[in-house]
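Peer 1: I'd like to go over a predicted model; first the sequence, then the structure.
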Amino acid sequence: MKNTPLILERFWDRGTPCPFDEVIDVRSPGEFAEDHVPGAINLPVLSDAERAEVGTQNAVAGSFAARRSGAGLVARNIARHFESHFVHRPREYRPLIYCWRGGQRSASLATVLSEVGWRVTVLKGGYKTYRAHVLQELKALPARYRFRLLAGMTGTAKTRILHHLATRGAQIIDLEGMAGHRGSVLGRLGAQPSQKAFDSRLLAELEILNPGAPVWIEAESHRIGDLYLPLSLWNAMKGSDGVEIRMPVAARIEHLVSEYAHLIADPERLKRELGRLAPLHGRRRASDWLRLIDAGQWSVLVEDLLRSHYDPGYAASHRRTFSGAFRIADLAKATDGDLDALADELVNAGAADPAGTET
């Protein structure tokens with residue numbers, strides 16, 4: 001053998017560039033879709049169907065028959081990857097390869113690549129090592145940062161403010177963007193990632209932050225749609241100071257009608273989503289919402305949802321959950337000009353000590 005595959009004993013240091021030319025995940029596409037090392041590419045040595053087939057053979061005919069059958073499948077898939085992916089890689093090419101536990105699937109590709117003469121590294125323990133690394137880091141990292149919370153009732157443009165802060169060089173974490181959900185019953189933006197993938201995305205964001213500067217983050221619940229925040233982050237948020245955005249109801253309604261245009265364009269979906277609130281508010285109010293949807297009275301609908309559901313829930317939750325000091329920031333409307341002015345104010349103030357009027 002020209003080059004014995006190296007074994008990586010641990011994941012590379014937090015926040016440092018990846019020391020490999022490519023990170024290759026050889027698990028099946030379904031495993032890769034659930035979660036993977038950030039930046040990894042998927043070159044499966046077994047497809048989802050092939051992996052299931054080998055597993056069935058192992059259960060029915062035994063491990064030898066399964067390995068014999070799997071070897072042929074793996075060989076064909078590796079050959080295909082050579083013809084399509086590796087054919088033009090230079091002599092200095094250095095990949096990191098991993099599978100589920102750093103076993104036969106990663107070893108199969110690593111052995112062939114090493115025979116070519118490339119310096120190949122296999123992640124010891126495979127994806128399970130990476131997943132353990134994620135969970136360990138998520139327990140420790142949040143305590144190192146000074147979070148500054150953006151709070152405010154539904155419709156106060158908190159996410160947009162967050163991104164206006166980012167354009168001015170402020171550090172932010174957009175939890176709703178990572179979760180694919182706005183955090184309310186109507187907040188689903190599409191298919192959410194798996195919990196494992198969300199954790200990976202969150203860690204990737206945390207690792208690049210500067211502990212010496214504040215990090216702006218929305219005052220979210222511990223749950224965003226179907227996903228949960230790590231307990232360490234949630235505890236750090238609950239004790240953090242911040243700013244509470246206040247905006248007139250009419251301006252909030254205007255902003256929400258614009259932000260939720262995708263639901264207005266799909267009235268039947270909106271009806272289904274609001275149906276989940278019927279047990280909380282009764283059939284009569286739920287029927288009123290359906291009539292407003294049929295009549296296209298969007299502003300009236302939004303105002304009723306704010307007054308009957310969202311605002312009371314926010315007031316109770318905020319006081320119960322967050323113990324930090326919040327100063328008030330009044331916002332007339334959610335125009336880009338208004339958000340620019342507020343972002344400038346927050347950045348110029350430094351928000352290093354936002355204590356002021358407590359809510």
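Peer 2: Happy to help now that I have it.

Peer 1: Tell me how many other residues crowd residue 56.
Peer 2: 12 (other Cβ atoms under 10 Å). Every residue, glycine included, has its C-beta placed from N, CA and C.

Peer 1: do the same with residue 60
Peer 2: The number of residues packed around residue 60, counting by other Cβ under 10 Å, is 9.

Peer 1: does it count as helix, strand or coil?
Peer 2: Counting by DSSP: H, G, I helix; E, B strand; the rest coil, the backbone at residue 60 sits in helix.

Peer 1: quick one: it from residue 52, how far?
Peer 2: Distance from residue 60 to residue 52, counting by Cβ to Cβ, to the nearest Å: 12 Å.

Peer 1: For the chain, give me the ranges with low pLDDT.
Peer 2: 1-4, 8-10, 13-15, 189, 350-359 (pLDDT under 70).

Peer 1: So for it, the centremost residue is which one?
Peer 2: residue 178 (3.0 Å; Cα atoms, centre = their mean).

Peer 1: How about the contacts made by that one?
Peer 2: Residue 178 makes contact with 193, 198, 201, 202, 205, according to Cβ atoms under 8 Å, 6 or more residues apart in numbering.

Peer 1: The fourth one reaches residue 230, doesn't it?
Peer 2: It refers to residue 202. Yes. The criterion here is Cβ atoms under 8 Å, and residue 202 meets it with residue 230 at 7.2 Å.

Peer 1: what is in contact with the two at once?
Peer 2: residue 138.

Peer 1: coming back round to it: out of the contacts of residue 178, which are inside helices?
Peer 2: 198, 201, 202, 205 (DSSP state H).

Peer 1: nearest to residue 123, of those residues?
Peer 2: residue 201 (19.4 Å; Cβ to Cβ).

Peer 1: first to last residue in stretch 72-91, what's the distance?
Peer 2: Taking Cα to Cα, to the nearest Å, stretch 72-91 runs 27 Å from one end to the other.

Peer 1: Pull the contacting residues for residue 26.
Peer 2: With Cβ under 8 Å, 6+ apart, residue 26 has these contacts: 43, 44, 45, 97, 98, 99, 105, 106, 108, 109.
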